[in-house]
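>>> Fold the following for me, if possible:
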Amino acid sequence: MLKRYVLKNGIRVAAQQLKEFRSVSIGVWIKAGSVYESEKEYGISHFIEHMLFKGTSRRSAADIASQMDGVGGNLNAFTAKECTCYYAKVTDKQLPLAVDILADMVKNSVFDEAEMEKEKGVVCDEILMVEDSPEELVHDLLCAEVYNGTPLASQILGSEKNVRSFTRNDILSYMARRYMPNDILIACAGNFDEAQLIELLEDAFSGYGEGSADVCENIVYNNGGRFSHIKKDIEQAHICLGFPGYSLCEDDQFAMLVLNNIVGGSMSSRLFQTIREERGLAYSVYSYPSSYTSTGYFALYAGTGEKQAAEVTKLMLDEVEKVLKCSVTSDELIRAKEQFKGSYILGQESTSARANSIGKSELLRNRTYTESEVMEKIEKVDMAAMERIIPYIFDFSRMNGALVSRDEKGAQEVRKLICRGN
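You can find the predicted model right below:
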């Protein structure tokens, strides 16, 4: 059972005991991501994530790494559009060390300027890696078109120019705004003693201050007809199509997840079977939903030969039209629901997956569904739900697209297919 606490300074805690495990996973979740950054700050949330591993007033970067490695634990972090998370997974006996290291990083990082300059080079290399990975790049391009003019359009990594310009004062100023106790949540799952956990957290995070950060603006899906093409000297064409979706706080997200399994979320899906298995036109083809606190979108992706880009795009759109005209079959619905339930249950069989799910849910939507609640919501997805969400999602008038390829002529053909009627 999930239990919730509030530390004396306002930091929330959500913890689930799993006594059958010998491990414990704990994460510090913060409402600090690219949606909260000004234009000059693009990339700073991610850069801060890197810098928190570079030394505190009590530990050097080497100390942080060696102390966690010394107990066989795992320490890592990630930055997303709406949050940053620092997390650790250790054996149950090493929970005090994990809490101490995480709190030390969040509270006492020194942001040494020499270390900052070195890490700027690392982050800029990471930006270049994305530029050199067309499949990764096209997803960023699609998101930028779907949410053009809103904070969700900005890239998490930021730009080289911004990263090179960040100063220690910029970091401290941003953290003073975003790293506020009322917007920090600590998620824990595994084998631990409740009283010890709260005592550890109260002690480790004491003196952190109080308060809440500014609230992000409500963001909605843009109208359709937007298309972006980046020309790169590559052999393949990478195509992304975007349609409206549902936010993290809407129950129809469960129906959307079931629909995703039918359309392109599995090897038995329509896109995979039609484009890869039947025609052999793409090695990688799939669909996926992206959900945020106030909005969401549904995307289709395919990587194919540059001369086949328009053909594959048309096939993707043809499959969407078939779903629009004929909905899905009862057999597809049953199979997709069972697949969803199975993958969900398998995903709960590690403390890190549990802690991650709890942290994201509690931070961004202020609640976590129990396993039985998730199963009930999946089971309630019926043909009526499919008929309700399909016209909303697959609205061609609101479709947007992105393409990374070498062929300009092919890009124009793809543009015509995506921007038809707009």
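>>> and A14, what helix or strand is that in?
strand 12-17 (DSSP states H and E).
>>> what does that strand contact?
Identification of contacts with strand 12-17 by Cβ atoms under 8 Å, 6 or more residues apart in numbering yields 1-7, 184-192, 194, 197-198, 201, 354, 358-359, 362, 368. Yep, even glycine has a C-beta here, placed from its N, CA and C like the rest.
>>> likewise stretch 102-109?
Identification of contacts with stretch 102-109 by Cβ under 8 Å, 6+ apart yields 26, 28, 30, 51-59, 64, 86-88, 179, 201, 204-205, 207-208.
>>> now with 10 Å?
Contacts with stretch 102-109, where a contact means Cβ atoms under 10 Å, 6 or more residues apart in numbering, come from 26-28, 30, 48, 51-59, 63-64, 75, 77, 84, 86-88, 115, 171, 175, 179, 184, 186, 200-201, 203-209.
>>> Of all the residues in that stretch, which ones are buried?
Judged by neighbour count (16 or more other Cβ atoms under 10 Å), stretch 102-109 contains these buried residues: 102-107, 109.
>>> Next, count neighbours for the closest residue to Y344 other than its chain neighbours.
Nearest non-adjacent residue to Y344, counting by Cβ to Cβ, 6 or more residues apart in numbering: V374, 6.0 Å away. Close neighbours of V374, defined as other Cβ atoms under 10 Å, add up to 18.
>>> And T150, by the same measure?
Count around T150 with other Cβ under 10 Å applied: 18.
>>> measure it to Y221 for me?
10 Å (Cβ to Cβ, to the nearest Å).
>>> and if you look at Y392?
Applying Cβ to Cβ to Y392 and Y221 gives a distance of 11 Å.
>>> again with L417
Taking Cβ to Cβ, one finds L417 at 20 Å from Y221.
>>> more crowded one of the two?
Ranked by neighbour count (other Cβ under 10 Å), L417 and Y221 place Y221 first, with 23 against 18.
>>> returning to what we had before: in helices only, show me the contacts of stretch 102-109.
48, 51, 63-64, 115, 171, 175, 200-201, 203-204 (DSSP state H).
>>> Quick one, which of these are buried?
Here, 16+ other Cβ under 10 Å leaves 48, 51, 64, 115, 171, 175, 200-201, 204 buried among those.
>>> From these, pick the one nearest L141.
The closest of those to L141 turns out to be I48 (Cβ to Cβ; 25.1 Å).
>>> Next up, the contacts around the closest one.
30, 32, 77, 79, 84, 109, 111, 166, 170-172, 174-175, 178-179.
>>> quick revisit: mind listing the shared neighbours of T150 and Y221?
Once Cβ under 10 Å, 6+ apart is applied, the residues that T150 and Y221 both contact turn out to be T295.
>>> is it true that Y246 touches T295?
Yes. Between Y246 and T295 there is a contact at 8.5 Å, judged by Cβ atoms under 10 Å.
>>> Common neighbours of these two, please.
Counting by Cβ under 10 Å, 6+ apart, the residues touching both Y246 and T295 are Y221.
>>> re the thing from before, buried ones from the contacts of stretch 102-109, can you make that a PyMOL selection?
Here is the PyMOL command that selects only those of these that count as buried (16+ other Cβ under 10 Å):
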select buried, resi 26+27+28+30+48+51+52+53+54+55+56+59+64+75+77+84+86+87+88+115+171+175+179+184+186+200+201+204+205+208
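>>> Just give me the residue right at the centre of the chain.
A80 (5.4 Å; Cα atoms, centre = their mean).
>>> Just the pLDDT for that one.
For A80, the pLDDT comes out at 98.
>>> cool, and M129?
Looking at M129, its pLDDT stands at 96.
>>> ok, the ones in helices among the contacts of stretch 102-109 vs G280, which is closest?
For the ones in helices among the contacts of stretch 102-109, the nearest to G280 is I48 (45.4 Å; Cβ to Cβ).
>>> Okay, that closest one and N260: tell me how far apart.
Remark: distance between I48 and N260 (Cβ to Cβ) = 33 Å.
>>> Domain ranges for this structure, per the record?
Residue ranges for the domains of the chain, per automatic domain parsing: 2-204, 227-418.
>>> buried sites along stretch 302-311?
Quick answer for stretch 302-311 (16+ other Cβ under 10 Å): 302-306, 308-311.
>>> How far away from the center of its chain is it?
27 Å (Cα atoms, centre = their mean, to the nearest Å).
>>> And that stretch, end to end?
11 Å (Cα to Cα, to the nearest Å).
>>> In PyMOL, how would I select the buried members of the contacts of strand 12-17?
Selection of the buried residues among these in PyMOL, burial being defined by 16+ other Cβ under 10 Å:
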select buried, resi 2+7+184+185+186+187+188+189+190+191+192+197+201+354+358+359+362+368
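>>> Keep only those of the contacts of strand 12-17 that are in strands.
Taking DSSP state E as the definition of strands, these contribute 2-6, 184-190.
>>> Closest one to A255 out of these, please.
Among the ones in strands among the contacts of strand 12-17, L2 lies closest to A255 (Cβ to Cβ), at 24.4 Å.
>>> Just grab the bridge partners of the residue nearest to that closest one when sequence neighbours are not counted for me.
Among residues not flanking L2 along the chain, Q16 sits closest, at 4.8 Å (Cβ to Cβ, 6+ apart). Legend: beta-bridge partners of Q16 under DSSP bridges are L2, A189.
>>> now swap in Y297 and tell me
Where Y297 sits in a bridge, its partners, by DSSP bridges, are P244, S290.
>>> Can you add pLDDT and give the buried ones among the ones in helices among the contacts of stretch 102-109 back as a markdown table?
Listed next are those as a markdown table, based on pLDDT from 0 to 100:
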| residue | pLDDT |
| --- | --- |
| I48 | 98 |
| M51 | 98 |
| I64 | 98 |
| E115 | 97 |
| I171 | 97 |
| M175 | 95 |
| L200 | 98 |
| L201 | 98 |
| A204 | 97 |
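>>> could I get stretch 321-332 in CSV with only the CA atoms?
Only the C-alpha atoms of stretch 321-332 are listed here, as CSV (Å, rounded to 0.1, in the frame of the first residue of the first chain):
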residue,chain,number,x,y,z
GLU,A,321,-8.1,6.3,-42.3
LYS,A,322,-9.0,2.6,-42.0
VAL,A,323,-9.2,3.0,-38.2
LEU,A,324,-11.3,6.1,-38.7
LYS,A,325,-13.7,4.5,-41.1
CYS,A,326,-14.0,1.0,-39.5
SER,A,327,-12.7,1.5,-35.9
VAL,A,328,-11.0,-1.6,-34.5
THR,A,329,-12.1,-5.2,-34.2
SER,A,330,-13.2,-6.8,-31.0
ASP,A,331,-10.4,-9.3,-31.3
GLU,A,332,-7.8,-6.5,-31.6
